[in-house]
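Trainee: Below is the sequence, then the predicted model.
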Amino acid sequence: MIFILRCNDFLKTDKILLINVRGETEKNDQVFALLLENIIGLQPVAPDDKLYWDLRLRERHGVENYRFGDNVIDILCQSNDLPRGSALIKIQSNSSFELMISSQIGKKTFQINEGSQNIVLEF
């Protein structure tokens, strides 16, 4: 299993964090759950095909080849100028699911279909 996390640091230099896990263990699952939930802000509800995203980072960030339930997605916050402006979210998915995005100023729900989608999030 390989996770690629991309984000800009405070110097605005594009960094790539590549995490390669050999074998699936409970310890690895716990580390990734903490990383994805507490840093990236993703919380899946796999049986219901739902993904919650607490969009709090202003830098470019996301996850490629993210699996929850039967879904495999690439999800990237390309830019985030909230609360004054908008956020651009790019998604590639192999199946449909519901995406609920929350930020410091509100919540919105989107139905994501198979394929590629761009979402401009404004409140």
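Mentor: Alright, I've got the coordinates.

Trainee: What segments of this protein are helices?
Mentor: Residue ranges of the helices in the chain, as given by DSSP state H, are 26-35.

Trainee: Where does pLDDT dip in it?
Mentor: For the chain, the stretches with pLDDT under 70 are 1-29.

Trainee: how near is the closest residue to Q104 other than its chain neighbours to L99?
Mentor: Nearest residue to Q104 in three dimensions, chain neighbours excluded: P83, at 6.2 Å (C-beta to C-beta, 6 or more residues apart in numbering). Heads up, the C-betas are built off the backbone N, CA and C, glycines and all. Distance, P83 to L99, by C-beta to C-beta, to the nearest Å: 20 Å.

Trainee: neighbour count winner among the two?
Mentor: L99 (22 against 13; other C-beta atoms under 10 Å).

Trainee: Spit out the contact partners of that one.
Mentor: 50-51, 53, 91, 109-112, 119 (C-beta atoms under 8 Å, 6 or more residues apart in numbering).

Trainee: Chain neighbours aside, what residue packs nearest to it?
Mentor: F110 (4.7 Å).

Trainee: Please identify the buried residues of stretch 57-77?
Mentor: Within stretch 57-77, the residues that count as buried by 16 or more other C-beta atoms under 10 Å are 60-63, 66, 68, 71, 73-77.

Trainee: now do stretch 115-123
Mentor: Neighbour counts over stretch 115-123 (16+ other C-beta under 10 Å) mark 119, 121 as buried.

Trainee: Now that we have the contacts of L99, can you turn them into CSV and tack on distance to G41?
Mentor: Formatted as CSV, the contacts of L99 follow (distance: C-beta to C-beta, whole Å):
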residue, distance to G41
K50, 14
L51, 11
W53, 6
I91, 15
T109, 16
F110, 15
Q111, 20
I112, 16
I119, 15
